[in-house]
Structure formats: structure tokens, C-alpha cells
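Participant: coordinates for the following, if possible.
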Amino acid sequence: MRLYEFSDNDPLRIKLTAVANQLSTQNEPMTTDEFLTVLNKNGITVDKADLFNMIKQDPLKNIIRDIEKDQVIFKGQDRDTEGAEQGPDENEKIRQQMASKQIN
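Facilitator: Numbers count the residues shown, from 1 in each chain. Here you go, the predicted structure:
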């Protein structure tokens, strides 16, 4: 998350950023319906049309790469299986190490 994402002091925007950022740590993409359900459970009511518009703007454009075939693809997730067969690149290894240090 970036500090400017909280500069508006809008509680809904802060909640949206926090929930989307938390979901982005998953290894697998999730369906748009699952994503919208999680947002709804956290008090953020949007529909698919709103979601398609929102991923083009801050703060979601920094968290979600794209929506393809009814799948929400977060930044940092591989889209193709070829990259998954090769294993994570050096940046991904560093990111995972930093995440595990943060958890501990």
C-alpha cells in the first residue's frame, strides 16, 4: 500500500485498499464473484461493472493487474503456466522471504 492511497481520509477507500491488498497475497487468482462477495462481507458494495472501472483507477490499479475470463488477477500472480513451471524468479524469491520475515 502507498501512503497517498490514504490521503483522502475516506474510510471506504481505506477499507477497499486494505481488503484488496490482503487478497492479493493469495497464490491463485479468484473469481470476480468471490472477490465481490469478500468486498460485500467487508461493507463494500460494488457490482462487476463498477469493479471493471475501479481497477483502472487508484487504489485498485496498484493491486489488481487485470480481470480475465471472470478471474481477478492480482499484481505479482503469474498469468501463464509456463512461468509457474520455471519457478519463481529472483524478485519473487525476495518478496517471499520478506513476507515470511514479516509474519515471524
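
Participant: helix or strand right after the helix or strand bottoming out on mean pLDDT in the chain?
Facilitator: The helix or strand of the chain with the poorest confidence is helix 81-86; it has a mean of 44 (mean pLDDT, DSSP states H and E). The first helix or strand that comes after helix 81-86 along the chain, using DSSP states H and E, is helix 90-103.

Participant: what is the mean pLDDT for that next one?
Facilitator: Per-residue pLDDT over helix 90-103 has a mean of 78.

Participant: give me the most central residue, the chain.
Facilitator: Among the residues of the chain, residue 24 comes closest to the average C-alpha position under Cα atoms, centre = their mean, at 3.4 Å.

Participant: low-scoring stretches of this protein, by residue?
Facilitator: 1-9, 78-88, 104 (pLDDT under 70).

Participant: quick one, strands of it?
Facilitator: Assigned strands in the chain, in chain order: 30-31, 64-68, 71-74 (criterion: DSSP state E).

Participant: need the winner for burial among these.
Facilitator: Neighbour counts (mean count of other Cβ atoms under 10 Å) averaged over each of the strands of the chain peak at strand 71-74, with a mean of 20. For glycine as for every other residue, the C-beta is placed from the backbone atoms N, C-alpha and C.

Participant: state the phi and psi torsions of the residue nearest to the centre of the chain.
Facilitator: Main-chain torsions, residue 24, degrees, to the nearest 10: phi -70, psi -10.

Participant: that one and residue 60 touch, don't they?
Facilitator: No. Taking Cβ atoms under 8 Å as the definition, residue 24 is not a contact partner of residue 60, at 10.0 Å.

Participant: surely residue 48 touches residue 37?
Facilitator: No. At 12.0 Å, residue 48 does not count as touching residue 37 under the criterion of Cβ under 8 Å.

Participant: which residues do the two both contact?
Facilitator: With Cβ atoms under 8 Å, 6 or more residues apart in numbering applied, the contact sets of residue 48 and residue 37 do not overlap.

Participant: nearest to residue 17, of the strands of the chain?
Facilitator: strand 64-68 (11.2 Å; Cβ to Cβ).

Participant: relative to that closest one, what are the paired strands and their orientations?
Facilitator: Strand pairing for strand 64-68, determined by DSSP bridges: strand 71-74 (antiparallel).
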